[in-house]
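In: Structure, please.
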Amino acid sequence: MAHSPKKAQQLSQQKRNKHHQPARQQSLPAPEKGSPQSSAPKYRLLPLTNDFVFKAVYGQNTPQSQAALKALLNCMLQRKHDPIQWLHCENPFQYCDHPEGKETIMDIKVRFESGALLNLEMQVDHLGYYINRSVFYLGKLISESLAKGETYDKMRETTVISILGGQLFPHQPDVYSRYCLMETQSKEVLTSITQLHFLELGKIDADAKPMEQMTVHEKLGAFFKYAADESKQDYLRQLLADEEEVAALTRPILEEISADQEMRMWAEAHDKYVRLMATARSIGLSEGQ
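Out: Now for the predicted structure:
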């Protein structure tokens with residue numbers, strides 16, 4: 001049966017929309033109520049250090065994802081007494097057409113009620129030139145912090161937060177570092193309106209430091225690093241007793257994503273592609289290309 005051009009266009013659009021909607025019908029079966037293992041998922045949790053998974057958890061404009069992101073940022077930025085009330089993800093998570101077809105940057109761009117901008121990224125590999133890359137991201141945010149025609153006094157705060165799988169500053173013992181513009185001799189801060197933050201997971205070892213001696217950022221980093229490790233769940237519960245909101249709000253989203261077969265396929269395909277690209281770069285460098 002032939003359709004009118006307008007009707008055909010509507011059907012085509014509906015088909016495209018359906019293709020891009022995350023599928024929740026293919027989730028793995030949940031444990032039966034009353035079973036001895038009902039408190040533990042039967043599937044392996046996906047790691048938060050996978051940037052695809054990280055953005056799927058914290059980069060959706062849903063009440064659950066936004067609440068988890070607020071908790072993360074309140075902890076990271078030490079805003080316990082001045083918690084973030086409102087935020088919006090400017091580039092929310094969505095399926096791309098071919099996760100193995102191109103290397104997508106899985107950053108999360110956030111706008112706050114004040115108009116301040118923040119870029120958050122999980123980056124496990126490829127730390128070469130990463131400082132330059134972070135400065136470039138910060139520059140882009142700064143250029144967006146003023147609308148056309150606005151005066152400089154209206155400039156909004158801009159922040160880039162990078163959670164790194166390795167060590168970017170091996171000469172520094174701290175896992176968390178914050179950089180802003182300052183005078184090199186007197187160390188006087190010129191302005192804190194623009195900042196770079198780094199959390200280095202490569203410096204975190206669950207067996208190297210007693211819990212009571214760990215900083216808030218070390219505890220948060222341990223959560224990101226070991227969230228998918230079932231053997232570390234008791235450790236994380238004790239570790240995050242004072243910051244339990246981050247884990248409590250993150251865990252249900254991570255479990256839902258991990259139980260979704262299509263999400264697992266996409267996350268694994270993205271991880272495989274990133275590793276292939278890393279191998280290609282390594283071979284190219286060794287051959288002098």
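
In: All the strands of this protein, in order from the start?
Out: 87-89, 108-112, 117-123, 158-164, 176-182, 189-200 (DSSP state E).

In: Might you list the low-confidence residue ranges for the stretch 1-150 of the chain?
Out: 1-42, 95-105 (pLDDT under 70).

In: what's the nearest residue to the residue most central in space within the chain if we skip its chain neighbours?
Out: By CA atoms, centre = their mean, the mean C-alpha position of the chain lies nearest to residue 54, the distance being 4.1 Å. Nearest residue to residue 54, sequence neighbours excluded (CB to CB, 6 or more residues apart in numbering): residue 122, at 4.0 Å. All C-beta atoms are positioned from the backbone trio N, CA, C, and that covers glycine.

In: one step back: can you list the strands of the chain in a markdown table and add distance to residue 77 and mean neighbour count?
Out: Listed next are the strands of the chain as a markdown table, based on distance: least, CB to CB, whole Å; neighbours: other CB atoms under 10 Å:
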| stretch | distance to residue 77 | mean neighbour count |
| --- | --- | --- |
| strand 87-89 | 12 | 16 |
| strand 108-112 | 11 | 20 |
| strand 117-123 | 9 | 23 |
| strand 158-164 | 8 | 24 |
| strand 176-182 | 9 | 14 |
| strand 189-200 | 8 | 17 |
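
In: Ok, which of those strands comes nearest residue 275?
Out: strand 117-123 (14.0 Å; CB to CB).

In: show me what contacts residue 147?
Out: Taking CB atoms under 8 Å, 6 or more residues apart in numbering as the criterion, residue 147 is in contact with residue 154.

In: Confirm for me that the residue nearest to residue 54 is in contact with residue 51.
Out: Yes - between residue 122 and residue 51 there is a contact under CB atoms under 8 Å: 4.5 Å.

In: Tell me who's in contact with residue 201.
Out: Applying CB under 8 Å, 6+ apart, the residues contacting residue 201 are 49, 124, 163-166, 175, 221, 224-225.

In: confidence score at the closest residue to it other than its chain neighbours?
Out: Leaving aside its chain neighbours, residue 201 sits nearest to residue 225 (4.8 Å; criterion: CB to CB, 6+ apart). You'll see residue 225 listed with a pLDDT of 95.

In: Please report how far residue 225 lies from residue 205.
Out: To residue 205, residue 225 is 9 Å away according to CB to CB, to the nearest Å.

In: who's more crowded, the two?
Out: Per other CB atoms under 10 Å, whichever of residue 225 and residue 205 has more neighbours is residue 225, with 21 against 10.

In: which ones are touching the more buried one?
Out: By CB under 8 Å, 6+ apart, the contact set of residue 225 is 49, 201, 204.

In: isn't the first one right up against residue 223?
Out: No - taking CB under 8 Å as the definition, residue 49 is not a contact partner of residue 223, at 10.9 Å.

In: ok, back up a step: which of the contacts of residue 201 count as buried?
Out: Neighbour counting over the contacts of residue 201 (16 or more other CB atoms under 10 Å) leaves 49, 124, 163-165, 175, 221, 224-225 as the buried ones.

In: CSV for these, including distance to residue 141?
Out: What follows is the buried ones among the contacts of residue 201, written out as CSV (distance: CB to CB, whole Å):
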residue, distance to residue 141
49, 24
124, 22
163, 17
164, 19
165, 23
175, 24
221, 23
224, 23
225, 27
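
In: Those residues in helices, which ones?
Out: Those of those mapping onto helices are 221, 224-225, per DSSP state H.

In: Residue 94: which of these is nearest?
Out: For those, the nearest to residue 94 is residue 224 (22.5 Å; CB to CB).

In: residues touching the residue nearest to the closest one when sequence neighbours are not counted, list them.
Out: Among residues not flanking residue 224 along the chain, residue 48 sits closest, at 5.0 Å (CB to CB, 6+ apart). Residue 48 makes contacts with 54, 57, 122, 223-224, 227-228, 250, 254, as judged by CB under 8 Å, 6+ apart.

In: What's the local residue count around residue 219?
Out: The burial count for residue 219: 20, using other CB under 10 Å.

In: where does it land on pLDDT?
Out: At residue 219, the predicted lDDT confidence score is 93.

In: before we move on, what about residue 246?
Out: pLDDT, residue 246: 92.

In: Touching, it and residue 73? I think so.
Out: No - using CB under 8 Å, residue 246 is not in contact with residue 73, being 9.7 Å away.
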